[in-house]
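*Asks:* Just to be clear, the model below is a prediction. Sequence and coordinates:
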Amino acid sequence: MRTLFLAWQDGGSSARTGTAPIGGTRRWFPIGRLDAEPEQHLYRFRYTHGAEEARDLAHFITLDAFPDLYRTYESPELFPLFQNRIMRPERADFPAFAERLGLSPAQLDPFTVLGITGGERQTDPLQVFPKITTEVDGTFRCRFFLHGWRHVNRHAQEHLNYLQPDEELQVAMEINNPATGAAIQLQTASDYHMLGWAPRYLVHDLLHAMGHSVVRMKARVVRMNPPPAPHNQRVLVELEGCYPEGKEPMSSADFQPVRAEAS
């Protein structure tokens, strides 16, 4: 079974409006869980306890595609809300899109695409992210595009032009980020120039891994995508770490389904 989570950002307006977040707390809540069993052609979506928290703290309203907070939605095909966030293979620029993700077109199954790109759209406050899975020894690996690089100073942005594939990056904690509080920085390994951040949805688990594991977390550049690639797909990063023995990432209540009823 493969799992993706759906996050919603509090922008001071209802998720039903279809508008990008403006104002609000800017906090991200994990509101839903999408599970897929490819061999059985079964997709299952359920809201998580994070949706209840978003409702209570930020006035979240259930999505039009999934109006019942306590229902289990099942389908033999990927739900349109997720399918519409994936570039169609018949588009002329699809091969270039696959290249930006560091994959061949044949490797671009929907879950892989959504897990790397986040399925971001300018028209709504939703983002998709994959469940971190660990090996038997607790190690894990995840890929994502560098976040926030346009918000660092110009001198730091210039360092992006010199990054090379397989170049090692430094992973650092940030405890007083003005926008998010805790954050995970990605820096150049040679001179510690801050380049940007890991996605917010990873912060809690990465901080837990960094604070409770003796294995040093490391990251590397997978691919650089200069213009005209979209700015949010400029630097593809792979991060490796180790989770404490007996602990599982993304296992807190926020990530657990609110109820498991058959549709």
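*Replies:* Right, received. Where do you want to start? Numbering: from 1, shown residues only.
*Asks:* Backbone dihedrals for R44, please?
*Replies:* R44 has phi and psi values of phi -130, psi 130 when expressed as degrees, to the nearest 10.
*Asks:* wait, I meant H204
*Replies:* Dihedral angles (degrees, to the nearest 10) for H204: phi -60, psi -50.
*Asks:* repeat for the one 3 residues further on
*Replies:* Phi and psi for L207, reported as degrees, to the nearest 10, are phi -60, psi -40.
*Asks:* So it versus E167, what's the distance?
*Replies:* Noted for L207: a distance of 24 Å to E167, by C-beta to C-beta, to the nearest Å. No exception for glycine: its C-beta is placed from N, CA and C like everyone else's.
*Asks:* Over to P230?
*Replies:* Separation of P230 from E167 (C-beta to C-beta) stands at 21 Å.
*Asks:* What's the local residue count around H231?
*Replies:* H231: 10 surrounding residues under other C-beta atoms under 10 Å.
*Asks:* could you pull out the helices for the stretch 151-263 of the chain?
*Replies:* Counting by DSSP state H, counting those that start in this stretch, the stretch 151-263 of the chain has helices at residues 154-159, 200-212.
*Asks:* Let's verify F129: helix, strand, or coil?
*Replies:* strand (DSSP: H, G, I helix; E, B strand; the rest coil).
*Asks:* distance of the residue nearest to it when sequence neighbours are not counted from D93?
*Replies:* Using C-beta to C-beta, 6 or more residues apart in numbering and skipping the chain neighbours, the partner closest in space to F129 is Y201 (4.6 Å). Look at Y201 and D93: by C-beta to C-beta, they are 27 Å apart.
*Asks:* Looking at these two, which one has more neighbours?
*Replies:* Comparing Y201 with D93 by neighbour count (other C-beta under 10 Å), the higher total belongs to Y201, at 21 against 10.
*Asks:* thinking the more buried one is in contact with Q127, fair?
*Replies:* Yes: assessed by C-beta atoms under 8 Å, Y201 is found in contact with Q127 at 7.2 Å.
*Asks:* so what's in contact with these two at the same time?
*Replies:* Both Y201 and Q127 are contacted by A7, W28, under the criterion C-beta atoms under 8 Å, 6 or more residues apart in numbering.
*Asks:* Quick check: chain neighbours aside, which residue is closest to E248?
*Replies:* Nearest to E248 is T134, by C-beta to C-beta, 6+ apart, at 7.0 Å.
*Asks:* any idea of the pLDDT on the one you found?
*Replies:* Note on T134: pLDDT of 91.
*Asks:* do the same with R234
*Replies:* R234 is given a pLDDT of 89.
*Asks:* number of nearby residues for E167?
*Replies:* Neighbours of E167 (other C-beta under 10 Å): 15.
*Asks:* Just give me the neighbour total for the closest residue to it other than its chain neighbours.
*Replies:* Leaving aside its sequence neighbours, E167 sits nearest to V221 (C-beta to C-beta, 6+ apart; 4.6 Å). V221 has 20 neighbouring residues, counting by other C-beta under 10 Å.
*Asks:* In this structure V221 contacts L163, no?
*Replies:* Yes: assessed by C-beta under 8 Å, V221 is found in contact with L163 at 5.1 Å.
*Asks:* can you pull the pLDDT of V214?
*Replies:* Value for V214, per-residue pLDDT: 68.
*Asks:* ok, back up a step: between V221 and L163, which contacts overlap?
*Replies:* With C-beta under 8 Å, 6+ apart, V221 and L163 have common neighbours V235.
*Asks:* so F45 makes contact with R33?
*Replies:* Yes: if you go by C-beta under 8 Å, F45 and R33 touch, sitting 7.2 Å apart.
*Asks:* tell me the contacts of R143?
*Replies:* G102, G115, I116, V222, L236, V237, E238, L239 are the contacts of R143 under C-beta under 8 Å, 6+ apart.
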